[in-house]
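*Asks:* here you go, sequence then predicted model.
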Amino acid sequence: MTSPITRFGAHILFLPIMMVAAAVLVKGYADIGDGFSAGVIASLGVILQAVAYGPVEFDRLPLARFAPVATFLGLLTALSTAFVPVLFGKPILYHYPPAGEEVIHFGSIELITPVAFDIGVFLVVVGFCVGSLAAVAREIARRQAERENLAFERSEPSLATAETRARGDL
Amino acid sequence: MPDQMGEPNLALILLIVAFAAPLCTVLVGLWRPRWTGPAAIATTAAALMVVLGSYRVGDVSFSRPWVSDLGLAFHLELDGVARMFALLATGIGLMVVLYAWRYIPLHLAHYNRSLEEQPRFFGFLLLFMAAMVGLVMSADTILQFVFWDLTAIASFFLIGFDRDQEDSRASAMMALLVTGISAVLVLIGVLLLWVEFGTFDLVVLSTEITTSTSAQWALALIAVGALAKSAQVPLHFWLPRAMAAPTPVSAYLHSAAMVAAGVFLVRRFYPMIQQVEWLMDAMLVVGFASIVIGGIISLTRDNLKQILAYSTISQYGYVVVMFGLGNAYGLSGAMFYIFAHALVKSALFMTAGAVTEATGSKYMSKTGGLLRAMPWLAVGSGMAAAGLVALPLTIGFFKDELFFASAWERGSVFGVLAVMAASFTFAYAGRFWKGIFLGEMRTQPRPIPGMLTAPVVVLGALAVIFGIWTPWVVDIAEQAATIDVAHPAHIHIAYHLDLRAENVMAVAAWVVGLTIIFTERYWREAAVTFARLGDILGPERIYWSTLRSLERLSDWIHRIEVRDLRSRVATILAPTGILIGIAVVMTPNDDAFVIGGFQRTDLPLATMLIATTLASIAVAIPRGHLRIVLTLSCVGFSLAVIYALVGAPDVALVAVLVETVLGIFFIAMLLLMPRSILRFETREPSERSGVRRDVLLAGLSGVMAFFVVWGILSRPSGSNLLINTYDRLTPMAHGKDVVTVILADFRGFDTLGEITVISLVLLGVLGLIRKGRLR
């Protein structure tokens, strides 16, 4: 278990990190950053929680459980922005509104289809980082629990048996 | 008929209704699994209504440019052929869905599976129906191919519906491989035709003269793909295997839909195919071979559905023969035959399923004498079987009359072959019905839901009604056989009480057929030997040995490449180093390697480069895993600083983030490894030869990469054409940050590939760690 200060730090940093990620994502078209960087920033924010609270607590977060699903939602989003234009006889990844036409702005946020594509990339990256790390974390927690059970059963586990078992794993 | 803008177009409506069916059914099913069946019935009935309505409207076409650069069009033609096959797909579909409504819950309960799997079944069944409807209407060969493959995909999931049974999975895979690989032949054929005639439009294609060699080969490839789908010899072996599917699937796919798709394709290309004489002769050979092989093996089977599967192979052989005969009766006879066969065969499949459900046995030797216990089923399937064996007063009589007429017209040898074929049919259909309903009762049947009998009775009754009152069916078949609207096809069928050739042949077939049934004990040995010979020498053996050798090849490559991490890296580094080395040596390099000057402003950059170099050397020194990871991170972060210094903030940001995440991943992986292994790896001295190999490979590829980078940096490219273009286009793409616009727009396709790879890697990780569970 980590110290309360670490946990408190992780706790108050979560929202700001997500804020930065969101900004990098939606402003990517006008400024430094894109869906990929935003995805990694957001994942780092989530992983920070995992590091602070430990795998078991982390696994309870819906965020960790649904991350792999987010990957495929993201892939679907990106694939549809790429291939939906094909249904209308336009090239792959044709963007709307087309070149030279007016774009709706919210400050520096632009409403164009490549931004949707970038959101897809964002989801894929977040889903991948969080999802695979959550899987690894859960596996580590499982093995730890197993080891503790084993230690409880045999008061003195020898290194040799642990090693042969570990080799058996491989 | 030219299509009018703005008016609702019946072809489009049919396509939309057909594809709405699986969608609505699955949505309803997810909400209330119990209502899946009724939803499927309602949506299928709606599709059937549209098809029936289309008979009042006449030919409808719908065409929109699709990818006009490639000459593709979203072109649908709802003509006579499309109407008949769509009628079969939706009409038989409705009967099958009615049957499945009661059958599937029993089936799931039998295997202790959740009723919530119903949407999966009905969804794929109706997806198949929709794909079939799309296939028969599409008049663009590429569009047709898309629907063709969609049927293969849906059939894979339907045949493999019992996914916990290994047998079922292998059968689904076999059906997918055989029909999927042959589908590629269809695609090649279609592209060859495009090269030859410059169009994908079937309406245009069917008026072309196809005497050139490449056109002939194109049609031959298409025919091979089509006949594989119709389970014709020698690519027939997947069909009997596919009987591992639940009965409604067999009743639908293997009587009226999937196998019918094959002959449908032949029909669509028939105006072209009939010009190629050798292809017509080849179809005769394939057709007769299928009739004989399917017929003989069908007589030896004990499994009820297997009898019917081999019978289907044989029956579609009839159709292919009629295509091959190609005279006045051939095409219209084939169309009539497909219609009649679909009616009766699906009824017989449903009979087999109902009997199995009642007695718990799939084998004929364990059933029998059910006439008293299940009178309705006996009457219904009796009418269907009578239709199959072509007794008078059923639709089947006319299907055989046309078959005999077209065979007789070609010559007396064909007449004799036709009689032989018909007597086979009589024998196995008779044996099927007699085995189930007559004789002594071996198993007392349980009561079954009425819905398992009703569709059989309806289809059987239709077979009789259409045998007495013919104009409607004749009209459907005539429309389907019409190639040129100006010269519609004509079918003349009637009962004649005289000694014309067709009648004599029919009577001869019944007599021979009856003889075959009652002399079973004399020919049984020979037929079983023939069937076993087929198992030993047949094409199925080739299929399995091909599959096995592919597996061995893949294992071999796996052993060489991915045995351990070192050899994995070596397989990448060695070829790269050697190939780049050759390129560096071969390239003229007079002024390629320039040592530039050094200015004071370069000082920070040089410092960072030195730091990076030191860090990279340092990676090779420590033996503790954690230290290696941290040193690697140092290399990455110093590279990020270099990017920032040379004015690439986007790249620098990505580099920092990637390094951070990579470090975390490495440490997580180290945590996952057993402590003892890590300790062992750290303490044990490495193998000498292994170290030498690693140093050699790393040195070679490193030095070569150094020379390449040096060469490139010495000659800054003369024009920044690409960069300037990107800069100019960025505002047009509504962007201000050129890097993001490149990633998401200009080179968006690359990004798409990359994120697909990321998703697949995630699947791999989850597969390894969590056995593939997503959540």
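*Replies:* Sure thing, it's come through. For clarity, every value in this text was computed on a predicted model and none was experimentally measured. Numbers count the residues shown, from 1 in each chain, chains lettered A, B, ... in the order given.

*Asks:* the top helix by length along chain A and chain B in contact?
*Replies:* The helix that spans the most residues within chain A, counting by DSSP state H, is helix A:113-153. Yes. With Cβ under 8 Å from any Cβ of the partner chain as the criterion, chain B is reached by helix A:113-153 at A:114-115, A:117-118, A:120-121, A:124-125, A:127-129, A:131-133, A:135-140, A:143. For glycine as for every other residue, the C-beta is placed from the backbone atoms N, C-alpha and C.

*Asks:* OK, contacts around the spatially most central residue of chain A?
*Replies:* In chain A, the C-alpha nearest the mean C-alpha coordinate belongs to A:V126, at 2.4 Å (Cα atoms, centre = their mean). By Cβ atoms under 8 Å, 6 or more residues apart in numbering or on different chains, the contact set of A:V126 is A:39, A:42-43, A:46, A:67, A:70-71, A:74.

*Asks:* next one: the longest helix of chain A to chain centre, how far?
*Replies:* Distance of helix A:113-153 from its chain centroid, counting by Cα atoms, centre = their mean, to the nearest Å, is 8 Å.

*Asks:* ok, stretch B:293-302 next?
*Replies:* The chain centroid and the centroid of stretch B:293-302 are separated by 27 Å under Cα atoms, centre = their mean.

*Asks:* from the contacts of A:V126, which is closest to chain B?
*Replies:* A:T71 (5.2 Å; Cβ to the nearest Cβ).

*Asks:* the helix or strand hosting that closest one packs against which elements?
*Replies:* Using DSSP states H and E, A:T71 sits within helix A:62-87. For helix A:62-87, the packing partners by 3 or more Cβ pairs under 8 Å, 6 or more residues apart in numbering or on different chains; DSSP states H and E come out as helix A:35-60, helix A:113-153, helix B:748-770.

*Asks:* quick check: which of these is nearest to B:F403?
*Replies:* Shortest distance between B:F403 and the helices and strands packed on helix A:62-87, using Cβ to Cβ, is found for helix B:748-770: 51.3 Å.

*Asks:* that closest one close to chain A?
*Replies:* Yes. Helix B:748-770 comes into contact with chain A (Cβ under 8 Å from any Cβ), by way of B:748-749, B:751-752, B:755-756, B:758-759, B:761-762, B:765-766, B:769-770.

*Asks:* now that helix against helix A:62-87, angle please.
*Replies:* Angle, helix B:748-770 to helix A:62-87, by axes from the mean of the first three to the mean of the last three Cα atoms, to 10 degrees: 140 degrees.

*Asks:* now do the buried residues in helix B:748-770.
*Replies:* B:748, B:751-752, B:755, B:758-759, B:762-763, B:765-766, B:769-770 (16 or more other Cβ atoms under 10 Å in any protein chain shown).

*Asks:* any chance of these in JSON lines, plus distance to B:R32 and pLDDT?
*Replies:* Shown next, in JSON lines, are those (distance: Cβ to Cβ, whole Å; pLDDT from 0 to 100):
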{"residue": "B:G748", "distance to B:R32": "41", "pLDDT": "77"}
{"residue": "B:T751", "distance to B:R32": "41", "pLDDT": "85"}
{"residue": "B:L752", "distance to B:R32": "38", "pLDDT": "87"}
{"residue": "B:I755", "distance to B:R32": "36", "pLDDT": "89"}
{"residue": "B:I758", "distance to B:R32": "37", "pLDDT": "90"}
{"residue": "B:S759", "distance to B:R32": "32", "pLDDT": "91"}
{"residue": "B:L762", "distance to B:R32": "33", "pLDDT": "88"}
{"residue": "B:L763", "distance to B:R32": "31", "pLDDT": "87"}
{"residue": "B:V765", "distance to B:R32": "36", "pLDDT": "86"}
{"residue": "B:L766", "distance to B:R32": "31", "pLDDT": "85"}
{"residue": "B:I769", "distance to B:R32": "36", "pLDDT": "81"}
{"residue": "B:R770", "distance to B:R32": "31", "pLDDT": "71"}
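
*Asks:* and stretch B:622-635, how far out from the chain middle?
*Replies:* 49 Å.

*Asks:* quick one: average confidence on that stretch?
*Replies:* Mean per-residue pLDDT for stretch B:622-635: 88.

*Asks:* pull out the buried positions in it.
*Replies:* For stretch B:622-635, using 16+ other Cβ under 10 Å, the buried residues are B:625, B:628-635.

*Asks:* so how far is B:L762 from the residue nearest to the centre of chain A?
*Replies:* According to Cβ to Cβ, to the nearest Å, A:V126 stands 11 Å off from B:L762.

*Asks:* so what sits against both of these two?
*Replies:* Going by Cβ under 8 Å, 6+ apart, residues that sit against A:V126 and also against B:L762 are A:T71.

*Asks:* how about low-confidence regions in the chain?
*Replies:* Picking chain A for this. Where chain A drops to pLDDT under 70, the residues are A:1, A:29, A:89, A:98-103, A:105-110, A:151-170.

*Asks:* hm, I was asking about chain B
*Replies:* If you take pLDDT under 70 as the line, chain B has these spans: B:1-7, B:327-328, B:485, B:589-592, B:716-721, B:732-736, B:771-775.

*Asks:* ok and the residue in it nearest chain A?
*Replies:* B:P674 (3.3 Å).

*Asks:* list only buried entries from the contacts of A:V126.
*Replies:* By 16+ other Cβ under 10 Å, the contacts of A:V126 give A:39, A:42-43, A:46, A:67, A:70-71, A:74 as buried.

*Asks:* hmm, which two among the residues you listed are most spread apart?
*Replies:* A:V46 and A:G74 (15.0 Å).

*Asks:* on that earlier part again, to B:A648, which of the helices and strands packed on helix A:62-87 lies closest?
*Replies:* Here helix A:35-60 is closest among the helices and strands packed on helix A:62-87 (Cβ to Cβ), at 13.1 Å.

*Asks:* which strands and helices sit next to that closest one?
*Replies:* helix A:4-26, helix A:62-87, helix A:113-153, helix B:649-672.

*Asks:* identify each buried residue in that helix, please.
*Replies:* Buried, per 16+ other Cβ under 10 Å, within helix A:35-60: A:35-55, A:58-59.
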